[in-house]
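Peer 1: When you get a sec, could you give me coordinates for this:
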Amino acid sequence: MKITIIFLIFLFVTVGCGKKSNQTDNQNNNTNTTTTEESKVNEQIKSDTSSTSQGSNDKSSNDLGMKSGLPADFPTDIPQPKNGKVIGSLSSSEGTMVTFQTDVPVKDLVEFYKSELAKNGFALSDGGETLIQDNGGIIGFVKDKRDVGLMLSSDNGITSLVITYK
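Peer 2: Here you go, the predicted structure:
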């Protein structure tokens, strides 16, 4: 249930926010004028885009509470995705979620994480591999009493990956 809720939040953040910025860009191109509110949104998007770099020490947050950069407590036994860019992180009482973007296809990422996490002592959790398809899925791992979840979504050659951990 928790993974489902987190996945829905992930989808809202990655899909919903992306469409809003595309709509704003289209409106700007069509009318060459922006309202004060649209200007604020564009400035926030530019600010968020320019401050999201891997391992950034900038811990500013956006309106959703997502902090830029990789969190200081990101586990060393969980690899970052190849060709990955850290989008940001969000911490709650349920754990921490770190969002990445990469050009690696979903199935390749799943195989990479199965292999690398197994090398680091993780095993698939009960019902851990759920809904793995070409365009997304959810997979869970466990090590000792630690849970790690991966939520993947792909669109237009860009894969979004959310790693959750407690």
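Peer 1: For Leu70, the count of nearby residues, please.
Peer 2: For Leu70, the count of nearby residues is 18 (other Cβ atoms under 10 Å). Bear in mind the C-beta positions are built from the backbone N, C-alpha and C, glycine included.
Peer 1: Make residue 1 into 31 and carry on from there
Peer 2: Sure, I'll start counting at 31 from here, so that last one is Leu100.
Peer 1: Just the element for it, please.
Peer 2: Leu100 is located outside every helix and strand, with elements delineated by DSSP states H and E.
Peer 1: Need the pLDDT of it.
Peer 2: At Leu100, the model reports a pLDDT of 94.
Peer 1: just Gly48 next, same as before
Peer 2: Model confidence at Gly48, expressed as pLDDT, equals 46.
Peer 1: cool, Arg176 as well?
Peer 2: Reported pLDDT for Arg176: 94.
Peer 1: so it sits right up against Gly170, yeah?
Peer 2: No: counting by Cβ atoms under 8 Å, Arg176 sits too far from Gly170 to count as a contact (11.2 Å).
Peer 1: More neighbours: these two, which one.
Peer 2: Gly170 (20 against 15).
Peer 1: give the contact list for the more buried one.
Peer 2: When contacts are counted by Cβ atoms under 8 Å, 6 or more residues apart in numbering, Gly170 touches 33, 154-155, 157-160, 177-180.
Peer 1: What subset of those residues is buried?
Peer 2: 33, 155, 158, 177-180 (16 or more other Cβ atoms under 10 Å).
Peer 1: Pick out the lowest-pLDDT one from the residues you listed.
Peer 2: For these, the pLDDT minimum is Ile33, 48.
Peer 1: Helix, strand or coil: sort out the nearest residue to Pro109 once chain neighbours are set aside for me.
Peer 2: Once flanking residues are discounted, Pro109 sits nearest to Glu146: 4.9 Å by Cβ to Cβ, 6 or more residues apart in numbering. Under DSSP: H, G, I helix; E, B strand; the rest coil, Glu146 falls in the helix class.
Peer 1: how close does Glu146 sit to Val140?
Peer 2: 11 Å (Cβ to Cβ, to the nearest Å).
Peer 1: who's more crowded, these two?
Peer 2: Neighbour count, other Cβ under 10 Å: between Glu146 and Val140, Val140 has more, with 17 against 13.
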